[in-house]
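S.K.: Based on what follows, work out the 3D shape:
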Amino acid sequence: MVDSATSIVEAAFRHYRSQDREAALPLYADDFSFTSPQDDHIDKATFFERCFPTADRFKDHRLLHVTPANEELVFVYYEYELETGGKYRNVEAITVWDGLM
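M.R.: Residues are numbered from 1 along each chain as shown. Okay, here's the model as predicted:
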């Protein structure tokens, strides 16, 4: 059972990498919103349709630091290498309320 904001975020990334949609879905709130340079405040359904299936583009994906800022906010610093080449790092700020992202 995942209970802390950090463990929920770590589980979500793990399920993304393994493409276990059924395990990931319960971690996301119905009013989940995702924003990136390519996506502006997309909802849960759009996230799972557009973003979740993209794990196969990674040759490697590692969480470097998963750091809670407080009980609800978690910063995730990760590194990834694309199958097409190129190695990158990114930081995400993820809010977890009532045990859901």
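S.K.: going forward, measure contacts and count neighbours with C-alpha atoms only.
M.R.: OK.
S.K.: where does the residue nearest the centre of the chain land on pLDDT?
M.R.: Taking CA atoms, centre = their mean, the centroid of the chain lies closest to Phe13, which sits 4.8 Å from it. In this model, Phe13 is scored at 98, pLDDT.
S.K.: got the buried residues for the host helix or strand of it?
M.R.: Element membership for Phe13, per DSSP states H and E: helix 5-18. For helix 5-18, the neighbour count (16 or more other CA atoms under 10 Å) marks Ala5, Thr6, Ile8, Val9, Glu10, Ala11, Ala12, Phe13, Arg14, His15, Tyr16, Arg17 as buried.
S.K.: what packs against the next helix or strand after it?
M.R.: The helix or strand immediately downstream of helix 5-18 is helix 21-24, counting by DSSP H and E. Counting by 3 or more CA pairs under 8 Å, 6 or more residues apart in numbering; DSSP states H and E, the packing neighbours recorded for helix 21-24 are helix 5-18.
S.K.: What lies in contact with the helix it packs on?
M.R.: Outside helix 5-18, the residues within contact range by CA atoms under 8 Å, 6 or more residues apart in numbering are 2, 21, 23-24, 27, 52-53, 55, 61, 66-68, 71-74, 94-96, 99-101.
S.K.: Counting only strands, which of the residues you listed make the cut?
M.R.: Those of the contacts of helix 5-18 mapping onto strands are His61, Val66, Thr67, Pro68, Leu73, Val74, Ile94, Thr95, per DSSP state E.
S.K.: The first one touches Glu79, doesn't it?
M.R.: Yes. Contact status for His61 versus Glu79: in contact at 5.8 Å, counting by CA atoms under 8 Å.
S.K.: the more surrounded of the two?
M.R.: A direct count of neighbours by other CA atoms under 10 Å for His61 and Glu79 places His61 higher, at 18 against 15.
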